[in-house]
Structure formats: structure tokens, C-alpha cells
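S.K.: Using only what follows, build the 3D model:
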Amino acid sequence: EVQLVESGGGLVQAGGSLRLSCVTSGFSFDDWGIGWFRQAPGKKREPVSCIHNRDGSTYYAEPVKGRFTISSDRAKRTNYLQMNSLKPDDTGHYYCNTDGSAPGGVMYWGQGTQVTVSS
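M.R.: Numbering: from 1, shown residues only. All right, here's what the predicted structure looks like:
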């Protein structure tokens, strides 16, 4: 069974940092990609960043470029999203997911972790 469990969210002042973790199980971590999405109240879920563990290629949404860093620890089967210079606009519920590498292109999601940035 594929499982993803996020943690590391919290309340932080603007300019601060947080590191989100996504602990995974149940799939070939080395061969799949892991992504982070976020959803603010009243807004659609939007992509933040992703990494393909096979070749290490990464993607960052424009609003987070230069501030967020995605990485993977293969031994721990854990993905991280280091978030620096946080802004109130970064507030939202953050989810990690698997890319479409599963049979049928199924994507799996964690339950998310809340990030709140105060001004």
C-alpha cells in the first residue's frame, strides 16, 4: 500500500523558515517522482515543486524559486521541502504526492500539513 505522511508545518513569521517532510512507503522510491502542492483557503490546489528521484531533476513554481529547495533521502524514503524567506502568500495546506509513475498513472497523496506565515 502506497503511503505518504507529511509533517513539519506550523506557524512562522514572515522571513522565517520551515522544513516539510514527506515519509513514504509502498512503492519504488528510487524510480518515482515526488511533488509538493499547496492550497490556500478559497483557492485551487497549485504545484509548488517536484523532484524525480531517478535522475534528480527538479521543478519549482515561479513564486517559490530561489526560496524553496526540494530534496530526497533515499535511505529514509523521505522527501523534504526546505522553505526559506517565507511570505504570508505561502500560507496554505501543503501536500506531497507521487507522480504518475504508478500503473495507470495513479497519483497518491498524503493528508497534508498546514503552513501559516504571519506578517
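
S.K.: what number of residues lie near Val117?
M.R.: Residues within reach of Val117, counting by other Cβ atoms under 10 Å, total 20. Where C-beta positions appear, they are placed from N, C-alpha and C, glycine not excepted.

S.K.: Ok, Gly35 next?
M.R.: 22.

S.K.: Bridged to it, which residues?
M.R.: Beta bridges link Gly35 to Cys50, Asn97 when assigned by DSSP bridges.

S.K.: doesn't Glu46 make contact with it?
M.R.: No: between Gly35 and Glu46 there is no contact under Cβ atoms under 8 Å: 11.1 Å.

S.K.: Could you name every residue contacting both of these two?
M.R.: Common contact partners of Gly35 and Glu46 (Cβ atoms under 8 Å, 6 or more residues apart in numbering): none.

S.K.: contacting residues around Tyr95?
M.R.: Neighbouring residues of Tyr95 by Cβ under 8 Å, 6+ apart: Glu6, Trp36, Phe37, Arg38, Gln39, Arg45, Trp109, Gly110, Gln111, Gly112.

S.K.: From what I see, the second one and Ser49 are in contact.
M.R.: Which is Trp36. Yes: the criterion here is Cβ under 8 Å, and Trp36 meets it with Ser49 at 5.1 Å.

S.K.: So the two - more neighbours on which side?
M.R.: Shown here are Trp36 and Ser49; by other Cβ under 10 Å, Trp36 has more neighbours (26 against 23).

S.K.: Check what pLDDT Lys76 gets.
M.R.: Here the pLDDT value assigned to Lys76 is 96.
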